[in-house]
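>>> Here is my input; please provide its structure:
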Amino acid sequence: KSAAKAIEKFHRKQLPREWMVELQPGIKAGQLVRPLARVGVYVPGGLAKYPSSLLMAAIPARVAGVEQVIVCTPPRSDGEVDPVILVAAEVAGVDALFRVGGAQAIAAMAYGTRTVPKVDKIVGPGNVYVVAAKHVVSMDVDIDFAAGPSEILILADSSADSAYVAADLLAQAEHDPAAAAVLVTTSEGLASEVRELIRDMLRDNPRRDIMLKSLGRYGRAVVAGDLDEAIEFVNDYAPEHLQLMIKRPERVLKRVKNAGAIFVGPYAPVAAGDLAVGPSHILPTGGAARRGSGLSVLDFVMLPSVQVLTARGLKRIAGVVEKLAEVEGLPGHARSVRERFKKRGD
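Numbers count the residues shown, from 1 in each chain. Now for the predicted structure:
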């Protein structure tokens, strides 16, 4: 419940506000805030259970004012949903939970079935099949983004504690055989130390097989010539999670352009943000952080504009409207303005 409170507190700060401004005498315009009606949250299962993902998606939706929040999650081998998922659903105020996973769950939420209602938007992470299904249905229902296998990129220099770096890389590698754990550093010595520590930490680890597959496929240690080159690598990679374990990280933070979530300093491991800090851990992966941000309250609201004009206000801009309408070949637009200033009977 403490994690849920932190998530709610953070996302309440993100809530957009309604406003109205007078642009000219007689002309006002503003912004309204309207929540989506129904949202579907996908909560992955299989290799691990993710009650935190449920909280990170459902609570922002509730904060935004979404009327109905449903969840789809794959059941265990015995056909039941893990109790921790059920507890998380209750804490988050979920309206309905369905025991269905994979691409079929995405299809059910996108188009509706006799039991699963059709939603306006689908959010949440998943494997490659879930991500592909979300893209397939995205012409018919809104989705968040491609939240695929987890990624971490750690930018570290010689001041970093090699044990912290090794532990944080393994923390992401344990998610999935397709997870990516990458270190970019200006210190060849640190890279060597981290490599040795990872070997030690893997011994007798209960998720060793998953970690070995992840590190074998997507684990890398990159030694950069200098900090500028390392930062360039960071922005090109556009990681889901970026950790800054360097001297004066606040200076480098200003130069980071592309990252889903940034963790600053030796006491800000990704695990803390994944589970308890407050910002959503549902983040863009696969380079999508170049063009988008993580899940937030803004994903669950619409921001329609509103415009209020008096006769005096419309008259002030009538000439502009008519001229532009003429240029664009839209005489009906011009007439819709002129009609309002004709004397009746003309």
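
>>> What is the neighbour count of V223?
16 (other CB atoms under 10 Å). Heads up, the C-betas are built off the backbone N, CA and C, glycines and all.

>>> what are the phi and psi angles of the nearest residue to it once chain neighbours are set aside?
Nearest non-adjacent residue to V223, counting by CB to CB, 6 or more residues apart in numbering: E188, 5.1 Å away. For E188, the backbone dihedrals are phi -70, psi -30 (criterion: degrees, to the nearest 10).

>>> any idea of the pLDDT on E188?
With respect to pLDDT, E188 scores 96.

>>> what's the neighbour count on it?
Count around E188 with other CB under 10 Å applied: 11.

>>> Next one: it from M56, what distance?
Going from E188 to M56 by CB to CB, to the nearest Å gives 37 Å.

>>> next one: V182
Remark: distance between V182 and M56 (CB to CB) = 23 Å.

>>> same thing with K323?
Following CB to CB, the distance that separates K323 from M56 is 50 Å.

>>> do S296 as well
The value you get for S296 to M56, if CB to CB is used, is 10 Å.

>>> Overlap of the contact sets of the two?
S280 (CB atoms under 8 Å, 6 or more residues apart in numbering).

>>> And those two? Which one has more around it.
M56 (32 against 19).

>>> these two touch, right, the more buried one and V277?
No: counting by CB atoms under 8 Å, V277 is not a contact partner of M56; they are 10.5 Å apart.

>>> The closest residue to G265 other than its chain neighbours: neighbour count?
Spatially, and ignoring its direct neighbours in sequence, G265 is nearest to P249 (5.9 Å; CB to CB, 6+ apart). If you count neighbours by other CB under 10 Å, P249 ends up with 19.

>>> now P16
13.

>>> Shouldn't it be within a helix?
No: P16 is assigned coil when assessed by DSSP: H, G, I helix; E, B strand; the rest coil, not a helix.

>>> Skipping its backbone neighbours, what lies nearest it in space?
V33 (5.4 Å).

>>> so how many other residues sit close to the one you found?
17.

>>> Now do it against R17, distance only.
Taking CB to CB, one finds V33 at 7 Å from R17.

>>> just F233 next, same as before
38 Å.

>>> Equivalent analysis for N258, please.
28 Å.

>>> Compare those two (neighbour count), which wins?
Per other CB under 10 Å, whichever of N258 and R17 has more neighbours is N258, with 17 against 6.

>>> which residues does the residue lying closest to the more buried one once chain neighbours are set aside contact?
Leaving out its chain neighbours, the residue that sits closest to N258 by CB to CB, 6+ apart is A238, at 3.7 Å. Residues in contact with A238 (CB under 8 Å, 6+ apart) are 258-259, 287-290.
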